[in-house]
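*Asks:* Sequence first, predicted coordinates after that:
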Amino acid sequence: YPVEVRLASDVTKAVVSGSVAEPQTFRGLDIDLRLEGPNLGRLGEILQLGLPDTPPYRLSANLTHEGARWRLGSLDGRIADSDIRGNAEVDLRGERPRIAADLRSDRLDFDDLGVLVGEPPQVGRGETASKGQRRAAAREEASNRVLPEKKFDLPDLRAVDAKLRYVAKSVQARKLPLERVEVGLGLGGGVLRIDPMRFKASQGSVRAAMKLDGRASPMAAEIDLDIRQINLNVLLRQMDIDLPDLDVEQDGRGAMSGQARLRTRGNSVAAMAGSLDGRLVVIADGGRINALLVEAAGLDVGEIAALLLTGEEDTETMVPIRCMVAEVPVSKGVARLDPFLLDTTDSTVVGTGTVDLGTETLDLRLAAFPKDVSLLSANVPVRVTGSFSEVGVEVLEEEILEEGFIDLGLAENARCRAMLESAGRKLEAMDEAPA
């Protein structure tokens, strides 16, 4: 039997053409589909499928049906600014429908996935969004909160089982370009596992694994993150951050590595951030930084005044970075710098304080200890406070030597090798810990 269907509303269009052997049972169904609309979520409501809200889409595919299996082949199209191709199958023979898919993109705009985690769609110049999504973005912009509070737009994880593989040649995540993104997803019995999730960025690599337990209320999550040899100079350049005072070498040194093991619960990004537990360790060595930037953290008034009076700055002010170490334990959404240390041949910068992800506030202290004893070195700390949306900086009056910073051995060179080795051991321990 031939099948020819054309459906159109004010915003959604569907064209179906093909044939079916038995219309009552859909046996032998073989049809071509063309779909276009502002939001896949609305299409899901019509088809009684749990599809998430998306920006505008345009898709074509071939749909066949045999027995308890529905196959979607030759999928091709766009969702907002991202292209998508591949094949998918739904098997209805088990206790729950089982979805299997192999998808790929030449270019994925990460903004197009933000709606899944409650983030408003990007509506700036060059971004694709529906009228409703532009109104939602305007409401979010009026809020003082930075982390999305809207609940995750995810179908019931207990409704289906799934196995998905996705590969994107390139991903534009805001200003940061990623290369060769590969994601493996498995869903069974209400537990979603994303492993691997890996990509290349800024001459380094990132690998992550995530587990979301939809059986718990609120949802429980486990996140493991492994960062290897990210070149900071390349990273800043790719993000259009012009920092001529920071020069990270290209030969493998001056790279950042780190690891995080995090656990949390919540049904939104804001709720999960506010209940986060775990630990983050970041280390780096090599590269150069402008000595005046370093000493400004400790108000080395003499050298800064000389720069302002002469208006001169040359490459002689660039000093080697000996090491950078940041250890950040997180408990109930409060991250603590414990400690932060940046050591150069000229000065040592230390930092302490907390970042409260639940209230979106921070209270940090930074201070520099110049190793060249200049007459006007004040050694006065700087305090950074406020909310994520409005940060303030103030100068503290008390002497920092009483605050325990001196325990790091700041009068001479900081113990970089010992601190890097200690952080490295913690990274290894996190690697070896059971998932």
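*Replies:* That came in fine, so what should we check first? Numbering: from 1, shown residues only.
*Asks:* Where does Arg145 sit: helix, strand or coil?
*Replies:* Assigned with DSSP: H, G, I helix; E, B strand; the rest coil, Arg145 falls in the coil class.
*Asks:* again with Ala216
*Replies:* coil.
*Asks:* Quick check, it in contact with Gly266.
*Replies:* No: the criterion here is C-beta atoms under 8 Å, and Ala216 misses it with Gly266 at 10.3 Å. Quick note: C-beta positions are derived from backbone N, CA and C, even for glycine.
*Asks:* The two: which has the busier surroundings?
*Replies:* Gly266 (19 against 12; other C-beta atoms under 10 Å).
*Asks:* Can you give me every residue that contacts the more buried one?
*Replies:* Taking C-beta atoms under 8 Å, 6 or more residues apart in numbering, we find Gly266 in contact with Pro218, Met219, Ala221, Met272, Ala273, Gly274, Ser275.
*Asks:* Equivalent analysis for Arg71, please.
*Replies:* Going by C-beta under 8 Å, 6+ apart, the list of residues near Arg71 reads Leu63, Thr64, His65, Asn87, Ala88, Glu89.
*Asks:* which of the residues you listed lies closest to Val382?
*Replies:* Nearest to Val382 among those: Ala88, at 54.0 Å, using C-beta to C-beta.
*Asks:* What is the neighbour count of the closest one?
*Replies:* Other residues within reach of Ala88, judged by other C-beta under 10 Å, total 18.
*Asks:* got the contact list for it?
*Replies:* Arg71, Leu72, Leu75, Ile99, Ala100, Ala101, Asp102, Leu103.
*Asks:* of the contacts of Gly266, closest to Ala335?
*Replies:* Of all the contacts of Gly266, Ala273 has the smallest distance to Ala335: 9.6 Å, by C-beta to C-beta.
*Asks:* What are the phi and psi values at the closest one?
*Replies:* phi -60, psi -40 (degrees, to the nearest 10).
*Asks:* so how far is Ala173 from it?
*Replies:* Note on Ala273: its distance to Ala173, by C-beta to C-beta, to the nearest Å, is 18 Å.
*Asks:* And the two? Which one has more around it.
*Replies:* Set Ala273 next to Ala173 and count neighbours by other C-beta under 10 Å: Ala273 wins out with 20 against 15.
*Asks:* so that one makes contact with Leu147?
*Replies:* Yes: taking contacts as C-beta under 8 Å, Ala273 lies within contact range of Leu147: 5.4 Å.
*Asks:* Now list whatever residues contact both of the two.
*Replies:* In the contact map built from C-beta under 8 Å, 6+ apart, the residues linked to both Ala273 and Leu147 are Leu357.
*Asks:* lowest-pLDDT helix or strand in this structure?
*Replies:* Ranking every helix and strand in the chain by mean pLDDT, DSSP states H and E puts helix 301-310 at the bottom, with a mean of 40.
*Asks:* what's the following helix or strand after it?
*Replies:* strand 318-331 (DSSP states H and E).
*Asks:* can you pull out the helices in the stretch 51-200 of the chain?
*Replies:* 131-141 (DSSP state H, counting those that start in this stretch).
*Asks:* The stretch 201-350 of the chain too?
*Replies:* Under DSSP H, counting those that start in this stretch, the stretch 201-350 of the chain gives helices at 232-238, 269-274, 291-296, 301-310.
*Asks:* Stretch 367-382: end-to-end distance?
*Replies:* Start-to-end span of stretch 367-382 (C-alpha to C-alpha, to the nearest Å) is 6 Å.
*Asks:* need the strands for the stretch 51-200 of the chain, in chain order.
*Replies:* Secondary structure of the stretch 51-200 of the chain by DSSP state E, counting those that start in this stretch: the strands cover 57-66, 69-79, 82-91, 98-109, 161-173, 176-188, 191-201.
*Asks:* Show me the shaky parts of the stretch 301-435 of the chain.
*Replies:* Within the stretch 301-435 of the chain, the segments meeting pLDDT under 70 span 301-319, 371-380, 396-417, 419-435.
*Asks:* The stretch 1-150 of the chain too?
*Replies:* For the stretch 1-150 of the chain, the stretches flagged by pLDDT under 70 are 44, 46-52, 112-144.
*Asks:* and if we set it to 50?
*Replies:* Within the stretch 1-150 of the chain, the segments meeting pLDDT under 50 span 118.
*Asks:* show me what contacts Ile223?
*Replies:* Each residue near Ile223 by C-beta under 8 Å, 6+ apart is listed here: Ala208, Ala209, Met210, Ala260, Arg261, Leu262, Arg263, Thr264, Gly278.
*Asks:* From Leu280, how far off is it?
*Replies:* In terms of C-beta to C-beta, Ile223 sits 11 Å off from Leu280.
*Asks:* Name the residues contacting each of these two.
*Replies:* Overlap of the contact sets of Ile223 and Leu280 (by C-beta under 8 Å, 6+ apart) consists of Ala260, Leu262.
*Asks:* if we can go back for a sec, drop anything exposed from the contacts of Ile223.
*Replies:* Buried subset of these (neighbour count, 16 or more other C-beta atoms under 10 Å): Ala208, Ala209, Met210, Ala260, Arg261, Leu262, Thr264, Gly278.
*Asks:* Tabulate those residues in CSV, adding columns for pLDDT and distance to Leu33.
*Replies:* Listed next are the buried ones among the contacts of Ile223 as CSV, based on pLDDT from 0 to 100; distance: C-beta to C-beta, whole Å:
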residue, pLDDT, distance to Leu33
Ala208, 93, 34
Ala209, 94, 35
Met210, 93, 32
Ala260, 93, 42
Arg261, 94, 44
Leu262, 96, 41
Thr264, 97, 39
Gly278, 96, 44
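*Asks:* Return the member of the residues you listed nearest to Ser347.
*Replies:* Nearest to Ser347 among the buried ones among the contacts of Ile223: Ala260, at 28.3 Å, using C-beta to C-beta.
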